[in-house]
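> sharing a model that was predicted from the sequence below.
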Amino acid sequence: MQVTATEAKNRFGHLCAQAKTAPVIVEKDGRPDSVILSWSSYQALTAASEQPSLARRRKAFNEAHQEWLAEQNRDFEENGLWSDGLVAWRDRS
């Protein structure tokens, strides 16, 4: 649903009810300016944006499992790979 800013001001309560089913786009000067969302939609949006990036998750994994990774790499250096299809673990952060 799209409404003008004046319409949003005059019908705010109704638009809040509408936002529970779908976002309401508020236009200013004929262009989209703001969005009215339900609380649950807002929470889902902010939760999704707060997830750590792949680089951060990789770094956290490497820090948490540093000893195990070092052990695996030592084993590889001493014994090589036991299968042609495997590759050694390397920190790619």
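Received, thanks. Computed from a prediction, not measured in an experiment: that's the story for all the values here. Numbers count the residues shown, from 1 in each chain.
> pLDDT below threshold where in this protein?
Along the chain, segments meeting pLDDT under 70 span 83-93.
> try it again at 90.
45-57, 72-93 (pLDDT under 90).
> buried residues, the helix or strand harbouring A55. List them.
Using DSSP states H and E, A55 falls within helix 54-64. Counting neighbours by 16 or more other Cβ atoms under 10 Å, one finds that helix 54-64 has no buried residues. Just so you know, the C-beta spots here come from the backbone N, C-alpha and C atoms, and that holds for glycine as well.
> which secondary structure elements does that helix contact?
Counting contacts by 3 or more Cβ pairs under 8 Å, 6 or more residues apart in numbering; DSSP states H and E, helix 54-64 is packed against no other helix or strand.
> using CSV, write out every CA atom in it.
The C-alpha trace of helix 54-64 is given here as CSV (Å, rounded to 0.1, in the frame of the first residue of the first chain):
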residue,chain,number,x,y,z
LEU,A,54,31.0,-14.6,7.0
ALA,A,55,34.4,-13.1,7.7
ARG,A,56,33.5,-12.6,11.4
ARG,A,57,32.1,-16.1,11.7
ARG,A,58,35.2,-17.6,10.1
LYS,A,59,37.5,-15.6,12.4
ALA,A,60,35.5,-16.6,15.5
PHE,A,61,35.6,-20.3,14.4
ASN,A,62,39.4,-20.1,13.8
GLU,A,63,39.9,-18.5,17.2
ALA,A,64,37.6,-21.0,19.0
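> in what helix or strand does V35 lie?
Using DSSP H and E, V35 sits in strand 31-36.
> that strand pairs with which strands?
Using DSSP bridges, the strands paired with strand 31-36 are strand 24-28 (antiparallel).
> and for the partner strand, what's in contact with it?
Contact with strand 24-28 is made by 1-5, 8, 15, 18, 32-36, as judged by Cβ atoms under 8 Å, 6 or more residues apart in numbering.
> count of neighbours near E71?
When counting by other Cβ atoms under 10 Å, one arrives at 11 neighbours for E71.
> could you find the closest non-adjacent residue to T21?
In space, and not counting its chain neighbours, T21 is closest to S38: 7.9 Å by Cβ to Cβ, 6 or more residues apart in numbering.
> and R57, how far from D29?
Separation of R57 from D29 (Cβ to Cβ, to the nearest Å) stands at 42 Å.
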